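Chemist: I would like the atomic coordinates for the input below:
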Amino acid sequence: MKNFQQEDQDLLHKESGILTAPLQRRSFLQFAGAGAAGIALMAAGCKKDDGSEGLRLSGAVDLGSGDVGILNYAYALEQLEAAFYDAVVKTPYSGISATELALLTDIRDHELAHREFFKKALAGNAIVGLEVNFSAINFTQRASVLATAKAFEDLGVSAYNGAGKLIKSADYLVLAGKIVSVEARHAALIRDLIENGTFANSEVVDANGLDKARTPSEVLTIAAPFIKTKINAGNLPS
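Modeler: Sure thing, here's the model as predicted:
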């Protein structure tokens with residue numbers, strides 16, 4: 001990765017502060033685009049490792065390598081979550097309460113902000129928009145929607161946890177940590193909407209009080225039924 005002037009580094013640190021602000025829909029969406037500007041300077045300077053060919057899938061979208069590949073990996077997952085919650089809010093399930101709709105709308109807007117953040121940050125290195133497949137989800141039923149939300153949120157948290165050790169840039173690692181904390185808040189809320197008090201049960205937190213972590217390969221395999229677009233993650237660091 002190229003070295004950058006100190007002013008660019010300072011800009012990155014300043015702008016990345018948007019992810020510590022209160023997660024209100026309008027404020028998060030307002031600053032997401034601005035915050036991406038700093039990190040985009042670093043992403044634009046990253047090059048693929050020529051010596052790492054990895055597994056190549058015919059006609060697949062290549063996430064890339066190095067930190068850019070990890071950012072694209074996160075971007076792909078945020079695309080999936082944003083598309084899901086957008087569908088939930090646009091076609092609310094039968095009998096949804098005003099409170100639940102407001103909560104799910106907040107989550108939707110957070111995910112949209114995350115998606116747009118990564119898209120702007122990656123700039124020309126960003127993968128294309130992915131085509132999703134939600135045919136297995138019954139958006140008219142609360143149980144189906146919340147069960148899917150729980151699966152997506154738990155998966156997202158484990159994905160960020162597993163990707164942390166693969167990130168070389170300290171700045172990227174800080175940003176990933178700020179986003180995964182938001183995803184964990186989502187996961188806790190969804191779990192308690194399904195069954196109060198299950199926000200941190202043994203399904204996701206082990207005896208040491210640690211949350212689960214999954215590798216990109218594990219995560220993408222689990223997410224595959226919901227993504228029509230083929231994804232090549234063979235060049236990601238391991």
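
Chemist: ok, Ala212 touching Asp206?
Modeler: Actually, residue 212 is Lys. It isn't Ala. Yes - using CB atoms under 8 Å, Lys212 makes contact with Asp206 at a distance of 7.5 Å. Glycine gets a C-beta too; all of them are placed from N, C-alpha and C.

Chemist: in which helix or strand does the residue nearest the centre of the chain reside?
Modeler: Geometric centre of the chain, nearest residue: Glu78, 3.6 Å, by CA atoms, centre = their mean. Applying DSSP states H and E as the criterion places Glu78 in helix 66-90.

Chemist: buried residues in that helix?
Modeler: Buried residues in helix 66-90, counting neighbours by 16 or more other CB atoms under 10 Å, are found at 66-86, 88-89.

Chemist: okay, the angle between the next helix or strand after it and helix 66-90?
Modeler: Using DSSP H and E, the next helix or strand after helix 66-90 towards the C-terminus is helix 98-122. Using axes from the mean of the first three to the mean of the last three CA atoms, to 10 degrees, the inter-axis angle of helix 98-122 relative to helix 66-90 is 150 degrees.

Chemist: which elements pack onto the helix or strand following helix 98-122?
Modeler: Note on helix 98-122: by DSSP H and E, the next helix or strand toward the C-terminus is helix 142-163. Applying 3 or more CB pairs under 8 Å, 6 or more residues apart in numbering; DSSP states H and E, we find helix 142-163 packed against helix 66-90, helix 170-194, helix 216-223.

Chemist: and helix 142-163, what's buried?
Modeler: Across helix 142-163, burial judged by 16+ other CB under 10 Å covers 142, 145-146, 148-163.

Chemist: just stretch 210-221 next, same as before
Modeler: Quick answer for stretch 210-221 (16+ other CB under 10 Å): 211, 213-216, 219-220.

Chemist: thinking again about what came up before, what about the helix holding Glu78, average pLDDT?
Modeler: The predicted model assigns helix 66-90 a mean pLDDT of 98.

Chemist: that one - contacts with which helices or strands?
Modeler: helix 25-44, helix 98-122, helix 142-163, helix 170-194, helix 216-223.

Chemist: can you check what angle separates that helix from helix 170-194?
Modeler: 30 degrees.

Chemist: got the angle for helix 66-90 vs helix 142-163?
Modeler: 170 degrees.

Chemist: quick one, helix 66-90 and helix 216-223 angle?
Modeler: Angle of helix 66-90 versus helix 216-223, following the same axes, to 10 degrees, is 20 degrees.

Chemist: so how far is helix 66-90 from its chain's centroid?
Modeler: Centroid separation for helix 66-90 versus its chain: 5 Å, with CA atoms, centre = their mean, to the nearest Å.

Chemist: and Lys230, how many neighbours?
Modeler: 14 (other CB atoms under 10 Å).
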